[in-house]
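Q: compute the structure for the input listed below.
(chains A and B)
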Amino acid sequence: MSTKRVSRSAAGNFFITLFVLMFAAFMMLPIYYTIINSLKPINELFYFPPRFYVTNPTLENFVNLIKMQAQSEVPFERYLFNSVFTSVISTVGYVFLASMAAYPLAKHNFPCKKLIINLVVIAIMFRPEVTSIPQYMIMSGLGLIDTFASIILPAMSGSFGVFLLMQFMGSIPNEIIESCRLDGAGEIQTFWRIILPMVKPAWMTVVIFTFVGIWGATGSQFIYSEDKKMLITMLSNFTSSGIAMAGVSAAVGVVMLLPPVIVFLFSQRSVVETMAYSGLKG
Amino acid sequence: MNKRKSTSGFWGRYGASYFLLGWWLILFLVFTVIPIIAAVILSFTNFDMVNMPKFVGISNYVTLLLDDEIFIKSLSNTLFYAVVTGPLGYIMSFVVAWMISETGRTVRSVLTLIFYAPSLAGNVYMIWMYIFSGDSYGILNSVLMRLGLITAPLQWLTDPAYNSYVVIIVVLWMSMGAGFLSFVAGFQQLNKELFEAGAIDGIRNRWQELWHITLPQMVPQLLIGAVLTISSSFAIGAQNAQLTGNPSTDYSTHTLLLHMSDYGYARFEMGYASTIAVVLFAIMVTTWAVINRALRSMSND
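A: Sure, this is the predicted structure:
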């Protein structure tokens, strides 16, 4: 990877490093404060002025959270399973379907292509708030109310991921695709062997925003049965109980933050691995 | 140029394209496009979510534009927030993605995670409530009072003189979302040979390199970021409702999104809510048409 690049001035490096570090600290601050708060015992939570550190860290808030949810009739694992199951199926399914859809939109010519591309882009800009009623009617017409499909199918119908993958696939040189054709590879083979590995950096983005979107969604307009509800629906019962629950609320914040962070780190690692042998960077 | 070897008939030529596209396209039409068309149709009706929608022509649009003071207020707030946070958030995402693009992979992963964390964190931004809380226990108030800059706590969240700035800060803090991630991914996909050629052709420093070599290659990602920025910065509202109350003092931070939710979910006037959604949509699509043209022209020079 030793490529010749324009030299970087030391002053520029210093300025950029300083700026990035200060900015990173600002972005971290509220999340850092949540984590610190989740570790504070009850008396430290109400110090004045509020403190940005914890003197006697404790897991009390997490223990309280576990005790409180133990009183509900549906076990914690059930909510966790519901959330993980719908998030994983939606994410994997969407990355797969969106990649398949993006390839012909980026590299083929066929009737109605222009129209579909325009629909893809403008659909991103229509607010979902007023489409929820027509969506509900379609769901109930298909008999999907109160099933996981009512969360998974709309999640896989979004157009942003298709647009994103289409843009990345568009910058793959046509010569690479042509040379595959000359080698006798069919369209499906070209897509599977050549195109997919080349856009893995874009996958990272699709995986993360799809997962985060579903993980943070309650789906409460479609799901009624308690044993099919999502983790966030159950946990948000505890955060809405005001100041007395400040510690538990912070613990909830930390618990909800963990899975997206894990997914993020894993997707980053797989991107790096695939970049190493995809040959994309020449 | 996209002909296959066996180009016999319609399906021989386009079959593979439609096969790849079809699975997602069906879901997209059923769960996204049809509900959008239905919402546009509802904007020409009165619909209380119980009785059948009643067709009223363009009267919702007339009422909205001529006889709804709160709409005008929310429109001007929405445009203000969009004009301030849109370009700032967009440039910030790009510049930070560029700055961290040359670090090693581990450092880059960690920094990407840190900058993206506010978008990961769901409602952790509620922590801003502690910072801007209006009593003397609020973090900002307590710091300012200890420094002697103010003598009495300021009402950051409810005073119309300040609360719009609080909203802007929090929105900017959350603006490094999927657009930022696609910039980071885009920087990893740049063509290295062009940089070597540039060094030979007399590019002298990293700023020139950014402008002449990097930016033109990043146009596909710049378009992704633009779509996202438009769709989020004209739809600010959730943060305002949580931080400054809903409705806020004198509707000081009311936006089109909140106006729409107000009619849809509080007053059950879905027809009128759909009208607001269509107007918001029209504003976004118009902005997109302008920006799309400007960005595309960058790759052709």
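
Q: do I have it right that residue B:181 meets residue B:116?
A: Yes: between residue B:181 and residue B:116 a contact is recorded at 6.3 Å, counting by Cβ atoms under 8 Å. Bear in mind the C-beta positions are built from the backbone N, C-alpha and C, glycine included.

Q: comparing the two, which residue is more hemmed in?
A: residue B:181 (30 against 25; other Cβ atoms under 10 Å in any protein chain shown).

Q: how many other residues sit next to the closest residue to residue B:237 other than its chain neighbours?
A: Nearest residue to residue B:237 in three dimensions, chain neighbours excluded: residue B:257, at 3.2 Å (Cβ to Cβ, 6 or more residues apart in numbering or on different chains). Counted with other Cβ under 10 Å, the neighbours of residue B:257 add up to 22.

Q: and what of residue B:80?
A: Residue B:80 is flanked by 15 other residues according to other Cβ under 10 Å.

Q: now the element after the helix or strand that contains it, going C-ward?
A: For residue B:80, the host element (DSSP states H and E) is helix B:69-100. Counting by DSSP H and E, the element after helix B:69-100 in chain order, helix or strand, is helix B:105-120.

Q: that following helix to helix B:69-100, inter-axis angle?
A: Helix B:105-120 runs at 170 degrees relative to helix B:69-100, counting by axes from the mean of the first three to the mean of the last three Cα atoms, to 10 degrees.

Q: tell me which strands and helices helix B:105-120 is in contact with?
A: Contacts defined by 3 or more Cβ pairs under 8 Å, 6 or more residues apart in numbering or on different chains; DSSP states H and E place helix B:105-120 against helix A:10-38, helix A:200-215, helix A:246-278, helix B:69-100, helix B:178-188.

Q: in the third one, what counts as buried?
A: I take that to be helix A:246-278. Buried residues in helix A:246-278, counting neighbours by 16 or more other Cβ atoms under 10 Å in any protein chain shown, are found at A:246-257, A:259-260, A:263-264, A:267-268, A:271-272, A:274-275.

Q: go on, the first one?
A: Applying a neighbour-count criterion of 16+ other Cβ under 10 Å, one finds A:16, A:20, A:23-24, A:27, A:29-31, A:33-38 buried in helix A:10-38.

Q: if we can go back for a sec, now the common contact residues for residue B:181 and residue B:116.
A: Here residue B:181 and residue B:116 have residue A:208 as joint contacts, going by Cβ atoms under 8 Å, 6 or more residues apart in numbering or on different chains.

Q: tell me the secondary structure at the nearest residue to residue A:76 once chain neighbours are set aside.
A: In this structure, residue A:76 finds its nearest non-sequential neighbour in residue A:69, 5.3 Å apart by Cβ to Cβ, 6+ apart. Under DSSP: H, G, I helix; E, B strand; the rest coil, residue A:69 falls in the helix class.

Q: roughly how far does residue A:69 sit from residue B:164?
A: Here the criterion is Cβ to Cβ, to the nearest Å. By it, residue A:69 lies 39 Å from residue B:164.

Q: out of the buried residues of helix A:10-38, who's nearest residue B:43?
A: Distance to residue B:43 across the buried residues of helix A:10-38 (Cβ to Cβ) is lowest for residue A:30, with 37.8 Å.

Q: and the closest one, how far from chain B?
A: Distance, residue A:30 to chain B, using Cβ to the nearest Cβ, to the nearest Å: 4 Å.

Q: turn the buried residues of helix A:10-38 into a markdown table, columns for distance to residue A:89 and pLDDT.
A: Output for those, formatted as a markdown table (distance: Cβ to Cβ, whole Å; pLDDT from 0 to 100):
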| residue | distance to residue A:89 | pLDDT |
| --- | --- | --- |
| A:16 | 41 | 86 |
| A:20 | 37 | 90 |
| A:23 | 36 | 89 |
| A:24 | 34 | 90 |
| A:27 | 31 | 86 |
| A:29 | 35 | 79 |
| A:30 | 31 | 71 |
| A:31 | 28 | 78 |
| A:33 | 34 | 80 |
| A:34 | 29 | 80 |
| A:35 | 30 | 86 |
| A:36 | 35 | 87 |
| A:37 | 33 | 84 |
| A:38 | 30 | 87 |
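
Q: hmm, which two among these are most spread apart?
A: Spanning the widest gap among the buried residues of helix A:10-38 are A:16 and A:38, at 33.2 Å by Cβ to Cβ.

Q: excluding covalently adjacent residues, which one is nearest to residue A:176?
A: Nearest residue to residue A:176 in three dimensions, chain neighbours excluded: residue A:194, at 6.4 Å (Cβ to Cβ, 6+ apart).

Q: now residue B:27
A: Nearest to residue B:27 is residue A:157, by Cβ to Cβ, 6+ apart, at 4.0 Å.

Q: tell me the contacts of that neighbour?
A: Shown in contact with residue A:157 (Cβ under 8 Å, 6+ apart): B:24, B:27, B:28, B:30, B:31, B:32.

Q: A helix includes it, no?
A: No: remark: residue A:157 does not belong to a helix; assigned using three-state DSSP, it is coil.

Q: gap between residue B:250 and residue B:44?
A: For residue B:250, the distance to residue B:44 equals 32 Å [Cβ to Cβ].

Q: typed the wrong thing, it's residue B:265
A: As judged by Cβ to Cβ, residue B:265 and residue B:44 stand 20 Å apart.

Q: neighbour count: these two, which is higher?
A: When residue B:265 and residue B:44 are compared for neighbours, residue B:44 comes out ahead with 19 against 13, by other Cβ under 10 Å.

Q: so that one sits against residue B:58, correct?
A: Yes: with contact defined as Cβ under 8 Å, residue B:44 and residue B:58 form a contacting pair (6.8 Å).

Q: which neighbours do the two have in common?
A: Here residue B:44 and residue B:58 have no joint contacts, going by Cβ under 8 Å, 6+ apart.

Q: grab the most central residue of chain B for me.
A: Using Cα atoms, centre = their mean, the residue of chain B that lies closest to the mean C-alpha position is residue B:232, 1.8 Å off.
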